[in-house]
Every structure is written in structure tokens, then in C-alpha cells.
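Chemist: Starting from these lines, generate the structure:
(one chain, ligands or ions: 1)
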Amino acid sequence: MGRKLRLLDMLKAEKGRWVSGEALSTALCVSRTAVWKHITTLRSEGYEIEASPRRGYRLMGEPDALFPREIRAGLCTRRLGQGIVVYREVLESTNDRAKALAAEGAPEGTLVISESQTSGRGRMGRAWFSPRGEGIYLSMILRPRLSFEEIPKLNLLAAVAAADTLADVLGLEVRIKWPNDLLIGAKKVAGILTEAGMEMDAVDFAVIGLGLNVNTREFPEPLKQTATSLFLCARRKFPRVPLVRNFLERFEKGYLDFLDKGFGPVLEGWKRYGDITGQWVEVRMLDRKCRGRVLGLDADGFLLLRTPGGGTQRVLSGDVILKG
Ligand code: BTN
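Modeler: All right, here's what the predicted structure looks like:
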């Protein structure tokens, strides 16, 4: 760990109490001028550090930035976020960067996190509104031994993990709109985009991208009608680092359980948040749509419909509209 971070740790350990410049310079084996330079850098990163000629320095506030070191502190995962974490102020899309890294051989557990995205992508070619510092835009690289057909299961797994995270912090009812939209009330608060890279006929990697609207105060038209954020629902700001940690821990646990015990627990999770069994729906896909009564999800996470003609239709992905 570099000196700047050791200095930060010393200030954090004192929890708002003063630490003398002399104590810092002795512990770090640097001059008082070097201490001051590190303080200036930390301030420019958003740490609120008071300075007093007689008493030294004290930490009065931390930035709501998704710095890898802040996420890692106290993160209880085996792999996710413990190795490579790419953190940027701006990226076109965290999924695109994660796919490029995965293609270059980045290991399972690698994360890509950005404070904003200029071309954040959603399903069906849609854009994902990604204003700076207001949401969570992260992508995870996985290298599961799964067939291509099984990749959508990871999508549902991520949706259940994100719903569990929101249920933990919010105390508001969260629903999953199959396959992977998270709704509060009738509006969307988060979405998941899962993409896979193939090598011959096996899955080489999967990239799972989470977009979560955390402290967004206003959405542009026409998103206003359909999107919401935790801030708009709860009328308070949420620190983002604990949300990221909670999601990573829940996702990894679900992922390891899935690899070990199969898809059953994920399906149970979906039932907690999104059961629309028995309802009439229309499912709009990129090139077609279909209607039917929902029979439930099959063992692979596909939506099963009883069509008006009495047949059964298996749907992989699409926009579900309830028809009452
Ligand atoms: C959807 O609901 O259509 C999925 C939205 C997924 C958005 C996230 S934000 C982080 C990651 N990077 C992207 O470009 N998209 C996903």
C-alpha cells in the first residue's frame, strides 16, 4: 500500500480525532511537506480533511466515490472484487470494457466500475442513462463452465441478488419484472445486461452488467415516465459503496450455490420477487411478439406461456406487458 493510502488509513482509524503532522510524518517516514502533498491529493479526491497548525489533521468526511479500495474494505467475497478492479470516471460502457478485458484473458472475478457512461447499453439495443456519480454502473467477468443456453440463468441470478440487496437497504417492496428489470412501484430502478463470449462451442466468459439508479434526482423525458431511483423512492441519499459490496456478496453467494446445487434456489428467489404465474401477458421481442397465460418459469429460467391456441411457448427474453 502506498503512503497516501496509509496516511488515509491512519486518519480513518482516528474517526474524526486529530492526528499530528509529526505523528504522520514519523509513521510514514516522510517529511511534513510530503504529508501535506498527500493531504492535498486526498482532498482533491473528495476527502474532507481539516488542517490545523497546532493540532494536525482530521478526517471529517469521505467522498461517495466507488474507489476500489473503499469497496474492498470489508468486502466478504472470495473472488469478486478481490483481484482486478478497473475504476474510471468515464467509460463508454462498463460491459464493453469488461468484454474487451475478458477477451484478453482477465480472470473470473474481475470488475469494471465507472462513475459515468457515455454509451451505457440496455437490453434490446436501448441506452442506459448513466449520469456521473449518481448510479452504480458495474460489470463482472465470470468464467463458468456452462453451455451457451444456460447463460440467461446468470441474468436471473443477478436480478435476484440485486433485489435482495435493495430489500436489505430499502424496506420498500421490490419486484423483478422477468427477465431482469427491477421495479419499485411501476417504475424501473435497475437492469441487468448479460453477455457472453464463445470459444469454439463453449462459453469462454460471461459479462454481467448492473445498472442501478441510486441518487438520481431527475430523469430526462421520456424516461421520467418509466424510471426511478432509490433517492426518488425513499427521499434520501444512499451511499453507493455499501450497496456495491452487498450486491457483490449476494451475487457471489448465489453464483457459487448455483454452480454447486443448480438453479432451484434462483427460481425460488424469482418467486419471492416476480411471480406472475397465472397472468395474461404479451411478450415483445426484437422481431415479434406473443401472448399467453404465464405457466411459470421452466428449469432453465425461460418463461412458459399457454398460448390462446392451447399450445406451450417457451420465451428466452423480451419485454413482458401484463394484460390483466
Ligand atoms: C436493461 O435493463 O436493459 C439492462 C441495463 C444494464 C445497464 C448496465 S450499466 C452497467 C453495464 N454497462 C452497460 O453498458 N450496461 C450495463
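Chemist: okay, CA-based contacts and neighbour counts for the rest of this
Modeler: Fine.
Chemist: which one's the longest helix in the protein?
Modeler: Once the chain is assigned using DSSP state H, the helix that runs over the most residues is helix 240-261.
Chemist: is that helix up against the ligand anywhere?
Modeler: No - residues of helix 240-261 are not located near the ligand by C-alpha under 6 Å from any ligand atom, the shortest gap being 12.3 Å.
Chemist: just how off-centre is that helix within its chain?
Modeler: When distances are taken as C-alpha atoms, centre = their mean, to the nearest Å, helix 240-261 is centred 10 Å away from the chain's centroid.
Chemist: so what secondary structure elements neighbour it?
Modeler: helix 68-72, strand 135-142, helix 151-170, helix 264-274 (3 or more C-alpha pairs under 8 Å, 6 or more residues apart in numbering; DSSP states H and E).
Chemist: ok, 6 Å please
Modeler: helix 151-170 (3 or more C-alpha pairs under 6 Å, 6 or more residues apart in numbering; DSSP states H and E).
Chemist: Let's see the helix it packs on as CSV, backbone CA atoms only.
Modeler: C-alpha atoms of helix 151-170 as CSV (Å, rounded to 0.1, in the frame of the first residue of the first chain):
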residue,chain,number,x,y,z
ILE,A,151,-26.2,-18.1,-19.7
PRO,A,152,-29.6,-16.5,-19.2
LYS,A,153,-29.7,-18.2,-15.8
LEU,A,154,-27.0,-15.8,-14.7
ASN,A,155,-29.2,-13.0,-15.7
LEU,A,156,-32.0,-14.1,-13.4
LEU,A,157,-29.4,-14.9,-10.6
ALA,A,158,-28.1,-11.3,-10.8
ALA,A,159,-31.6,-9.9,-10.8
VAL,A,160,-32.4,-11.9,-7.6
ALA,A,161,-29.2,-10.8,-6.0
ALA,A,162,-29.9,-7.1,-6.8
ALA,A,163,-33.5,-7.4,-5.5
ASP,A,164,-32.1,-9.0,-2.2
THR,A,165,-29.7,-6.0,-1.9
LEU,A,166,-32.5,-3.5,-2.4
ALA,A,167,-34.8,-5.3,0.0
ASP,A,168,-31.9,-5.2,2.6
VAL,A,169,-31.4,-1.4,2.4
LEU,A,170,-34.7,0.0,1.4
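Chemist: For the helix or strand following that helix, give the mean pLDDT please.
Modeler: As assigned by DSSP states H and E, the chain's next helix or strand after helix 151-170 is strand 174-177. Per-region confidence: strand 174-177 scores 92 on mean pLDDT.
Chemist: Show me what strand 174-177 pairs with in its sheet, parallel or antiparallel.
Modeler: The pairing partners recorded for strand 174-177 under DSSP bridges are strand 181-184 (antiparallel).
Chemist: Which helix or strand lies directly C-terminal to the partner strand?
Modeler: Using DSSP H and E, the helix or strand that follows strand 181-184 towards the C-terminus is strand 187-199.
Chemist: remind me which residues of the stretch 151-300 of the chain are low pLDDT?
Modeler: The model of the stretch 151-300 of the chain has no residue with pLDDT under 70.
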